[in-house]
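Trainee: What follows is a predicted structure for the sequence shown.
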Amino acid sequence: MIIAGEASGDMRAAGLARALKQLDSSVRLSGIGGTHMRDAGVECFTDITELAVIGIAEVIKNLRRIKKVFDQALQQIDTTRPDAVILVDYPGFNLRLAREIRKLKSCHSRESGNPLKIIYYISPQVWAWKEARVKAIKALVDHMIVLFPFEQETYAKYAMTVDYVGHPLVDEIIVNHKPKEILESIGLSQNKTTIGLMPGSRAKEVERHLPCMLKAAQKLFEKSHKCQFLLLQASSIPLQLIESTLAKFQYKASICHCEEQSDEAISLRNLPVKIYNGPTYGGINAMDGAIVASGTATLETALLAKPMVIIYKTSWLTYAIAKAVIKIPYIGLVNIVAGKKVVQELIQNEANATNIANAMQAALSDPEIVKELAAVKTSLGAPGASLRAARIVIDAVADG
């Protein structure tokens, strides 16, 4: 059984599922996932949209729905008695699930005598929060599979069974269409600077990030009409949400005087922005640079060597708690992997139109960023991460 809770986890889990099927065609896979996992042959009893919330305030608001999915997962585990449960990222949900799985006596051993294995794929970010959490994870998880070498060092210090496999994105990022083809398909010019707007894969992320991205886009366009904007729609985001945000901006513009426009009232009537919902990597590859919500998308953008600005906004409660406990200087995976600031990060109030526009302009004119991104790509490991992870899973189950 494979449990993923959001869009990037769904993609990573799908890669693992395909690799497991490749190594053992008789393996049966079920779990919580989305389109990618279902396409990979996983029988999903719940869709990830039920869990697609982020931040403490949002979790509290959706607690009843999350609890329902949690109980359903436990019931499925108790009923089907899988050989292994693979928990993919999403620690707030998955670590609690691991604790409850441990309490299920029927799951400690199958009729054959083989104990159920709890395997964690894509580590919780213990290196960003409290490293001491590794002790709690060790008590719940039989085997940890990590994507970054520094994560292996962290778990090894606590004598936990851990394997580093590299990042599956190295294999997953395949571009089948030239930038010209992508741009022409959505009505953008290949002769202008294309700036990507990547607000995130959760509804709340889009609601918080897209407005300030659009404001920044307007400022960039006012400085130079030689730029245009490709708004990347994640597969987990309904088109209606993006279109309604664009419509709100147009409405605000209609009730204000043009000479009095502010950051809160931007006219999009003349802004060359197009929504793109095709293959993600083709879209990113068609960009010259991007404004990206912090997350796996920053690594995807880095692997395609696109200069970027990382932004993030969350509820003030979540932000206050995170600021108090996060111990590393960066939140963007690109900077974390590099161990230094390669690209600009703008968080909460700093993520305003002026700052984002200025940072994007600077990134596009800095040739060193592309060189630094190439180094990040090298540090993500060799191809074959999903296959290596699948072998570890099969070996762990076979060892009993």
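Mentor: That came in fine, so what should we check first?
Trainee: make it CA atoms for all contacts and neighbour counts henceforth
Mentor: Noted.
Trainee: helices or strands up against the helix or strand harbouring residue 135?
Mentor: Assessed by DSSP states H and E, residue 135 sits inside helix 133-140. Contacts defined by 3 or more C-alpha pairs under 8 Å, 6 or more residues apart in numbering; DSSP states H and E place helix 133-140 against helix 91-103.
Trainee: Report the angle between the helix it packs on and helix 133-140.
Mentor: Helix 91-103 and helix 133-140 are oriented at 40 degrees to each other (axes from the mean of the first three to the mean of the last three C-alpha atoms, to 10 degrees).
Trainee: partners of whatever helix or strand comes next after helix 91-103 in the sheet?
Mentor: Next helix or strand after helix 91-103 toward the C-terminus (DSSP H and E): strand 117-121. Using DSSP bridges, the strands paired with strand 117-121 in its sheet are strand 84-88 (parallel), strand 143-146 (parallel).
Trainee: Just send the ones you listed back as TSV, with mean neighbour count and mean pLDDT too.
Mentor: As requested, the strands paired with strand 117-121 are arranged in TSV below (neighbours: other C-alpha atoms under 10 Å; pLDDT from 0 to 100):
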stretch	mean neighbour count	mean pLDDT
strand 84-88	24	96
strand 143-146	23	96
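Trainee: on that earlier part again, chain center to the helix holding residue 135: distance?
Mentor: Chain-centre distance of helix 133-140: 24 Å, with C-alpha atoms, centre = their mean, to the nearest Å.
Trainee: can you list contacts of it?
Mentor: The contact list for helix 133-140, computed with C-alpha atoms under 8 Å, 6 or more residues apart in numbering, reads 95, 98-99, 102, 118, 126, 155, 158, 160.
Trainee: What's the PyMOL line that selects buried ones from the residues you listed?
Mentor: The buried residues among the contacts of helix 133-140 can be selected in PyMOL (16 or more other C-alpha atoms under 10 Å) with this line:
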select buried, resi 95+98+102+118+126+155+160
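Trainee: quick one on the thing from earlier: state the mean pLDDT of the helix holding residue 135.
Mentor: Averaging pLDDT along helix 133-140 gives 89.
Trainee: From residue 72, how far off is residue 173?
Mentor: As judged by C-alpha to C-alpha, to the nearest Å, residue 173 and residue 72 stand 33 Å apart.
Trainee: got it, and residue 66?
Mentor: Look at residue 66 and residue 72: by C-alpha to C-alpha, they are 10 Å apart.
Trainee: Compare neighbour counts for those two and give me the winner.
Mentor: Remark: of residue 66 and residue 72, residue 66 carries more neighbours, 18 against 14, as counted by other C-alpha atoms under 10 Å.
Trainee: CA atoms only for the host helix or strand of the more buried one, dumped as CSV, please.
Mentor: Using DSSP H and E, residue 66 sits within helix 63-80. The C-alpha coordinates for helix 63-80 follow below in CSV (Å, rounded to 0.1, in the frame of the first residue of the first chain):
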residue,chain,number,x,y,z
LEU,A,63,-9.8,18.2,10.3
ARG,A,64,-13.0,16.2,10.0
ARG,A,65,-12.4,15.4,6.3
ILE,A,66,-8.7,14.4,7.0
LYS,A,67,-9.8,12.2,9.9
LYS,A,68,-12.2,10.4,7.7
VAL,A,69,-9.4,9.6,5.2
PHE,A,70,-7.1,8.6,8.0
ASP,A,71,-9.7,6.2,9.4
GLN,A,72,-10.3,4.8,6.0
ALA,A,73,-6.6,4.2,5.4
LEU,A,74,-6.3,2.3,8.7
GLN,A,75,-9.4,0.2,7.9
GLN,A,76,-8.0,-0.7,4.5
ILE,A,77,-4.7,-1.7,6.1
ASP,A,78,-6.5,-3.8,8.7
THR,A,79,-8.7,-5.5,6.0
THR,A,80,-6.2,-6.1,3.2
